[in-house]
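Trainee: 3D, please:
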Amino acid sequence: MTSMMAPSHKHGHDEPHVLPVSVYVAVWAALVVLTGITVYVAHFDFGSWNTIIAVLVATTKASLVSLYFMHLRYDNKFNLLILLGSLMLVAIFFYPTLTDLTTRGLIEPIRDLILPNR
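Mentor: Here you go, the predicted structure:
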């Protein structure tokens, strides 16, 4: 009968996950470095790769923010699954746009062969 009256001390996932300040500083430093890379890369012309490089750097920065500042790395894995599924849908919608941007210059030589007297 005493076991029924004893309070339960089970802890669920309701308690926040506290990280050391050094982790936050390291993530902040990585974000600053990636911002510097973004600015540095913006001064060069990589042709059709400009957009792809910008998206990769932005995705890396967004991943760091969501994993550490939003605590998705230590949260319920279902929340991470929802985030990854959302990113997959965004990638599906961005793919045709990026394909169009990378092949824009390829149509001009073909158009000149078809319509030489424009």
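Trainee: Can you tell me the closest non-neighbouring residue to the residue nearest to the spatial centre of the chain?
Mentor: Centroid-nearest residue in the chain: residue 59, 2.7 Å away (criterion: C-alpha atoms, centre = their mean). With C-beta to C-beta, 6 or more residues apart in numbering as the criterion, residue 59 has its nearest non-adjacent residue at 7.8 Å, and that residue is residue 87. For glycine as for every other residue, the C-beta is placed from the backbone atoms N, C-alpha and C.
Trainee: re earlier: and the residue nearest to the centre of the chain, what helix or strand is that in?
Mentor: Element membership for residue 59 (DSSP states H and E) is helix 49-64.
Trainee: C-terminal to that helix, what's the next element?
Mentor: Using DSSP H and E, the helix or strand that follows helix 49-64 in sequence is helix 77-102.
Trainee: circling back to that earlier point, could you count how many residues lie near the residue nearest to residue 59?
Mentor: Residues within reach of residue 87, counting by other C-beta atoms under 10 Å, total 14.
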